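Novice: I'll drop the sequence and a predicted model, then ask my questions.
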Amino acid sequence: MARAWHLTSRTTGLPTMDNFALRDLPDTPLQPDQLRVKNLWLSVDPYMRGRMNDAKSYAASFQIGQPMTGGAIGEVVESAMDGFTPGDLILHMGGWRDGGVIGLDMAPNKLPRAALDAGMSPQTFLHNMGLTGGTAWIGLLRVAAAKPGDTVFVSAAAGAVGSAVVQIAKAREMTVIGSAGGAGKCAWVDDLGADAVIDYKAGAVLPQLAAALEKLGKPGIDVYFDNVGGEHLDAAFAVANDFARFAICGMIDVYNDGRAQEMKYLIRTIPARIRMEGFIYTDQFFDCMEEFYADMGGLIASGAVTMHETVHEGIEAAPEAFLGLFAGANMGKMLVRV
């Protein structure tokens with residue numbers, strides 16, 4: 001019998017294990033347009049924290065007492081859906097469970113056979129060829145309109161999205177400054193090709209960012225890719241060049257306490273004519289999906305874009321993996337191998 005994690009209560013702060021329960025799912029026969037799947041990989045992502053709240057947002061709230069959902073890679077065991085047969089590997093939204101019955105509402109899509117035959121691992125479609133890679137590519141190249149020669153500042157550069165931004169920017173001949181927490185993560189961002197790396201755990205962000213720009217001989221930043229908010233965002237305002245573009249992807253600094261930090265340098269949006277845009281991956285993805293797959297697939301095949309996977313084992317580990325996102329426990333993409 002399949003099992004799924006259910007949300008048992010809401011929280012106003014950092015979630016705990018008390019907010020989740022692992023429960024059996026009913027073993028029902030297939031209805032038309034349904035699949036029975038065995039999940040192989042589960043994704044946990046920061047945006048899921050917002051889904052724990054009972055608030056209007058771009059993603060529907062998890063409901064108390066109901067199974068949670070998220071990105072997953074699964075194998076079709078039984079099919080009553082046209083176009084799918086047992087053995088197919090699929091990307092779908094029936095995550096937070098080890099398997100069971102899913103329908104069209106879980107958006108199942110077969111993984112491209114050509115990519116798998118070429119040696120691409122299935123879980124790549126949960127990161128560089130999926131949500132996080134697509135978010136990085138769209139945010140950097142479409143929202144921020146970054147171009148060769150730009151100076152790009154990336155917060156959470158050792159995360160799944162941030163590390164992809166670093167590598168895409170370097171492949172496009174941009175100068176990249178990444179911020180990460182701790183010596184190990186900073187060393188990895190340096191290995192990815194960043195021109196400078198700052199350790200936000202070692203001191204205030206702005207002095208380190210200003211020093212990195214001076215060392216690189218750059219007057220300021222042209223693009224800021226924000227995954228963090230707070231102090232990082234304010235530092236970006238302080239050193240932005242005229243007509244800088246900010247792509248606001250996430251603000252993990254305030255996901256659990258809801259308190260926005262004072263922005264001392266926000267006023268610079270006016271004299272510097274800074275353009276700041278929040279964006280959601282799905283807003284543009286389906287308009288540029290083929291271009292993204294072709295470009296990112298080529299970057300991965302050439303070795304220009306790689307990913308470090310932080311893997312937790314077993315369905316039981318899903319909440320622990322999720323909570324680890326807010327403690328900086330991941331380097332690269334956080335995954336659960338079922």
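Specialist: It's in. Residues are numbered from 1 along each chain as shown.
Novice: Now do the same for Gly193: helix, strand or coil?
Specialist: Using DSSP: H, G, I helix; E, B strand; the rest coil, the structure places Gly193 in coil.
Novice: which residue sits closest to the residue positioned nearest the centre of the chain, ignoring its sequence neighbours?
Specialist: Closest to where the C-alpha atoms of the chain average out (CA atoms, centre = their mean) is Thr132, at 3.7 Å. Leaving aside its chain neighbours, Thr132 sits nearest to Ala160 (3.9 Å; criterion: CB to CB, 6 or more residues apart in numbering). For glycine as for every other residue, the C-beta is placed from the backbone atoms N, C-alpha and C.
Novice: residue contacts, the one you found?
Specialist: Counting by CB atoms under 8 Å, 6 or more residues apart in numbering, Ala160 touches Asp45, His127, Thr132, Met307, Asn330, Gly332, Lys333, Met334.
Novice: same thing but at 10 Å, please
Specialist: 43, 45-46, 126-128, 130-133, 135-136, 227, 307-310, 325, 330-335 (CB atoms under 10 Å, 6 or more residues apart in numbering).
Novice: Among those residues, which ones are in strands?
Specialist: Members of these lying in strands (criterion: DSSP state E): Ser43, Glu309, Thr310, Lys333, Met334, Leu335.
Novice: so can I have JSON lines of these showing distance to Gly100?
Specialist: Listed next are those as JSON lines, based on distance: CB to CB, whole Å:
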{"residue": "Ser43", "distance to Gly100": "17"}
{"residue": "Glu309", "distance to Gly100": "25"}
{"residue": "Thr310", "distance to Gly100": "25"}
{"residue": "Lys333", "distance to Gly100": "24"}
{"residue": "Met334", "distance to Gly100": "22"}
{"residue": "Leu335", "distance to Gly100": "19"}
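Novice: Need the max-distance pair from the residues you listed.
Specialist: Across these, no pair lies farther apart than Ser43 and Thr310, at 11.8 Å, counting by CB to CB.
Novice: Give the intersection of the neighbour lists for the two.
Specialist: Residues touching both Ser43 and Thr310 (CB under 10 Å, 6+ apart): Ala160, Ala321, Lys333, Met334, Leu335.
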